[in-house]
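[1] The sequence and its predicted three-dimensional model are supplied below.
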Amino acid sequence: MENSLYPAATPEIAKKREQLAPETLNSWRAFSRQVFADGALPGKTKDLIAVAVAHVTQCPYCIRAHTKSAPTRGATDKEIMEAIWVAAEMRAGGAIGHSALAIDVMKEHASSE
């Protein structure tokens with residue numbers, strides 16, 4: 001990620017994070033392992049969900065991490081891209097859904113003229 005808004009995830013940053021809050025970091029790691037373990041949903045599906053959510057939340061670190069780990073759990077490039085398209089549709093759907101707020105304001109403004 002040279003010349004990027006986001007610094008590269010380095011061992012130094014990871015060490016500093018651990019020094020500043022070791023118990024919290026260890027709890028988060030345990031939580032993450034549990035969340036991504038096979039359960040009612042297989043790990044592959046969970047990683048595909050994570051790829052999609054990472055695109056909606058626009059977390060470059062999560063995008064890289066889950067796009068890298070999804071194939072190790074059996075996901076194909078086509079499945080990853082399809083998950084990204086689902087995220088894009090959901091993000092756009094949020095904008096369409098929230099247009100109800102703007103339409104409501106327009107209606108209020110029109111009735112006050």
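    Cool, the structure landed.
[2] Going by C-alpha atoms from here, please, whenever you check contacts or count neighbours.
    Fine.
[3] And residue 33, which helix or strand is it part of?
    helix 22-35 (DSSP states H and E).
[4] Check whether residue 55 sits in a helix, strand or coil.
    helix (DSSP: H, G, I helix; E, B strand; the rest coil).
[5] again but with residue 92, I slipped
    Residue 92 - assigned by three-state DSSP - is helix.
[6] before we move on, back to that, restricting to C-alpha, output the helix holding residue 33 in CSV.
    Taking Å, rounded to 0.1, in the frame of the first residue of the first chain, the C-alpha atoms of helix 22-35 are listed here in CSV:
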residue,chain,number,x,y,z
PRO,A,22,-3.0,-6.9,25.3
GLU,A,23,-6.1,-8.3,27.0
THR,A,24,-8.5,-6.6,24.6
LEU,A,25,-6.5,-7.7,21.6
ASN,A,26,-6.4,-11.3,22.9
SER,A,27,-10.1,-11.3,23.5
TRP,A,28,-10.7,-9.9,20.0
ARG,A,29,-8.5,-12.6,18.5
ALA,A,30,-10.4,-15.3,20.3
PHE,A,31,-13.7,-13.8,19.3
SER,A,32,-12.5,-13.6,15.6
ARG,A,33,-11.4,-17.3,15.6
GLN,A,34,-14.8,-18.3,17.0
VAL,A,35,-16.8,-16.2,14.6
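[7] Give me the contacts around it.
    For helix 22-35, the external contacting residues (Cα atoms under 8 Å, 6 or more residues apart in numbering) are 17, 18.
[8] Give the buried residues for it.
    Residues of helix 22-35 classed as buried: none (neighbour count, 16 or more other Cα atoms under 10 Å).
[9] average model confidence for that helix?
    Averaged over helix 22-35, pLDDT sits at 97.
[10] Distance from that helix to the middle of the chain?
    The gap between where helix 22-35 is centred and where its chain is centred comes out at 17 Å by Cα atoms, centre = their mean, to the nearest Å.
[11] What spatial separation is found between residue 76 and residue 29?
    26 Å (Cα to Cα, to the nearest Å).
[12] Kindly report the same for residue 73.
    Note on residue 73: its distance to residue 29, by Cα to Cα, is 19 Å.
[13] low-confidence ranges in the protein?
    For the chain, residues meeting the criterion pLDDT under 70 lie at 1-3.
[14] Thank you, goodbye.
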